[in-house]
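Undergrad: Structure for this input, please:
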Amino acid sequence: MTDTKIWQLSAHEVVLLLRSGEVSPLDVVQASIERIEEVDTKVNAIPIRCFDRAIEKARKVNIKEEIKNPKSLLGLPIVVKDYNDLGGVKTTYGSKIYEYNMPKKSDATIAKLEENGANPVGKSNVPEWAGGHTFNPNFGITRNPFNLKKTAGGSSGGSGAALASGQIWLATGNDLGGSLRTPAAFNNVVGLRPSIGVVPRGQRLQPFDTLWVEGPMARSVKDVALMLDAGAGYSSEDPLSFEHNSRLFIDQLDEFPLPKRVAFSQDLGILPVSQEIRLATQKAILKVGDLGVDIIQEIPDFSEVLEGFQTLRGVLLASMMGELVKNNRSKISPDIVKNVELGYKVSNDDIIKAEIVRKRIMLGMVEFFKQSDFLICPTTSVAPFDTAKPFITEIDGVTCETYIDWFAITFALTMTSCPVISLPCGFTDGGLPVGIQIVGKPRQENKLLAFANTLEQHLGVSNFVPIKNI
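TA: Residues are numbered from 1 along each chain as shown. The predicted structure follows:
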């Protein structure tokens, strides 16, 4: 070991140290706890902690046995988003209604990770019912480690901030309209929205929904691949999940050639993207071209995606939360109530139209991939904004008609059913992180991760985390 502290190392580096016996599972748990206690009072990323549980579990890890499982994280600590159940630890969903909710067992997402050697040390902060950026009545605001006056994004903002501030090596996220990708970009970390079924989901979600996915977040593409290996697979709780018999994702990062052609769009032709985001992403795409990759402008047609997604999202929220809102209306934020009620107001014709839009977009991607290998665009339309703002109402003078308009650039890609990775690509003039999304073919996470890994090394931006001094 050098003078570098354990929390400053990458996840895959720490796993190698665990494998060699240079550090123990208890060593890494204690390193994480010490870092959390040192910096989390400033960022408020991990308000729910289960240190005793993690220490007890660390003491029981049998490295010699765990090594036999190539997917095992060997006792590496992770943080679990407070929208997932972790057995014996509070799950609040950011809501006063569930302030003291204590699930007896972990959900399918977390159970799979624990089965493969993950050791949760706490729960990361979320917005109330995953709506908007990360603040809630239970635990307050999560702040961006790059600027404590700015938001960490949402709804996986606690996970993003915990990673960037060096409190943890790996974190869970979930993504309906961008809840994993937006905080990845805002905190200069990497987040993967996988294809549906790659990572199993818990029973709380609608089992046949194809919009909401669970996915890994980490400080680098290689670490995301490491976590995906541990978290992917079949669970009887999720009928859309499936077993993975192919080789490890992390072992395939250097096995694919660079793409011949990628498409780039600043806004997907739907809503404005701020000038400071355009400038940063344009610099990044020029570096993609420096690799010898042909950059084209032709992309699929995303028209009507705003209305289509809002309809399908409303129906999903109504099916998940309708009874809860009916019985607890006064205890739920008006924005969440409004969105749930929207789901009850849509007509059959609205749903049919939305599904036709989604089908057209999906088929457009099929045709797109016949001429291009990947689609690249910004992850966010704006840079991290002041924590006092509940959401963005205007982008460079253009009014946002709904509170979800500002993240249309992520939810448009949700409608493609394709895997999407958010990768750090640069900074604004004010020093705030900017990310790009890379879209790959369905169920080809291996090729998507490989290209993102190459691009990450070329851009050289991910090495700005973890931040030492908060």
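Undergrad: can we go C-alpha only for contacts and neighbour counts from here?
TA: Will do.
Undergrad: Break down the stretch 251-400 of the chain into its helices, ranges please.
TA: All helices of the stretch 251-400 of the chain, identified by DSSP state H, counting those that start in this stretch, fall at 275-290, 305-328, 334-345, 348-368.
Undergrad: Wait, Leu113 touches Ala230, no?
TA: Yes. Judged on CA atoms under 8 Å, Leu113 makes contact with Ala230 at a distance of 5.5 Å.
Undergrad: closest one to Thr91 among the helices of the stretch 251-400 of the chain?
TA: Each of those has some distance to Thr91 by CA to CA; the shortest is helix 305-328, at 15.8 Å.
Undergrad: for the closest one, the distance to its chain's centre please.
TA: How far helix 305-328 lies from its chain's middle: 21 Å, per CA atoms, centre = their mean, to the nearest Å.
Undergrad: ditto for stretch 417-430
TA: Chain-centre distance of stretch 417-430: 11 Å, with CA atoms, centre = their mean.
Undergrad: With distance to Cys377 added, can I get the helices of the stretch 251-400 of the chain in JSON lines?
TA: Output for the helices of the stretch 251-400 of the chain, formatted as JSON lines (distance: least, CA to CA, whole Å):
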{"stretch": "helix 275-290", "distance to Cys377": "8"}
{"stretch": "helix 305-328", "distance to Cys377": "16"}
{"stretch": "helix 334-345", "distance to Cys377": "27"}
{"stretch": "helix 348-368", "distance to Cys377": "15"}
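Undergrad: Between those helices, which has the poorest mean confidence score?
TA: When the helices of the stretch 251-400 of the chain are compared by mean pLDDT, helix 334-345 comes last with a mean of 93.
Undergrad: quick one: low-confidence ranges for the stretch 1-150 of the chain?
TA: Segments of the stretch 1-150 of the chain classed as low confidence (criterion: pLDDT under 70) are 1-2.
Undergrad: about what we covered before: format the helices of the stretch 251-400 of the chain as TSV; extra columns: distance to Glu65 and mean neighbour count.
TA: Formatted as TSV, these follow (distance: least, CA to CA, whole Å; neighbours: other CA atoms under 10 Å):
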stretch	distance to Glu65	mean neighbour count
helix 275-290	43	18
helix 305-328	40	18
helix 334-345	46	17
helix 348-368	44	17
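Undergrad: right, so of those helices, which gets closest to Ile296?
TA: The closest of the helices of the stretch 251-400 of the chain to Ile296 is helix 275-290. By CA to CA, the value is 10.3 Å.
Undergrad: elements contacting that closest one?
TA: For helix 275-290, the packing partners by 3 or more CA pairs under 8 Å, 6 or more residues apart in numbering; DSSP states H and E come out as strand 374-378, strand 420-427, strand 433-439, helix 445-459.
Undergrad: just to revisit the earlier point, for Tyr83, find the nearest of the helices of the stretch 251-400 of the chain.
TA: Ranking these by proximity to Tyr83 (CA to CA) places helix 305-328 first, at 13.3 Å.
Undergrad: rewinding a little: including mean neighbour count, could the helices and strands packed on helix 275-290 go into CSV?
TA: Below are the helices and strands packed on helix 275-290 laid out as CSV (neighbours: other CA atoms under 10 Å):
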stretch, mean neighbour count
strand 374-378, 25
strand 420-427, 29
strand 433-439, 28
helix 445-459, 21
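Undergrad: Tell me which of the ones you listed lies nearest to Ser347.
TA: Each of those has some distance to Ser347 by CA to CA; the shortest is strand 420-427, at 30.4 Å.
Undergrad: Who are the packing partners of the closest one?
TA: helix 181-186, strand 190-193, helix 275-290, strand 433-439, helix 445-459.
Undergrad: report the angle between the axes of it and helix 275-290?
TA: 100 degrees (axes from the mean of the first three to the mean of the last three CA atoms, to 10 degrees).
Undergrad: All further residue positions should be reported with the first residue as 40.
TA: Sounds good: first residue 40 from here, last item strand 459-466.
Undergrad: Provide the strand pairings for strand 459-466, with the direction of each partner.
TA: Paired strands of strand 459-466, with direction, are strand 229-232 (antiparallel), strand 472-478 (antiparallel) (DSSP bridges).
Undergrad: if we can go back for a sec, okay if I get the helices and strands packed on strand 459-466 as CSV plus distance to Phe446?
TA: Output for these, formatted as CSV (distance: least, CA to CA, whole Å):
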stretch, distance to Phe446
helix 220-225, 8
strand 229-232, 15
helix 314-329, 13
strand 472-478, 13
helix 484-498, 22
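Undergrad: Pro109: which of those is closest?
TA: Closest to Pro109 of the helices and strands packed on strand 459-466, according to CA to CA: helix 484-498, at 16.7 Å.
Undergrad: now that closest one: mean pLDDT?
TA: Here the average pLDDT along helix 484-498 is 98.
Undergrad: what's that helix in contact with?
TA: The contact list for helix 484-498 (CA atoms under 8 Å, 6 or more residues apart in numbering) reads 233-234, 259-261, 264, 288, 291-295, 297-298, 323, 326-327, 458, 460, 462-465, 477-480, 501.
Undergrad: Let me know which of the helices and strands packed on helix 314-329 is the nearest to Ile448.
TA: Nearest to Ile448, of all those, is strand 413-417, at 7.5 Å by CA to CA.
Undergrad: which residues touch the nearest residue to Asn378 once chain neighbours are set aside?
TA: Excluding the flanking residues, the one nearest Asn378 by CA to CA, 6 or more residues apart in numbering is Gly353, at 5.9 Å. Listed by CA under 8 Å, 6+ apart, the contact set of Gly353 reads 378-383.
Undergrad: How about Pro255?
TA: 209-212, 230-232, 263, 266-267.
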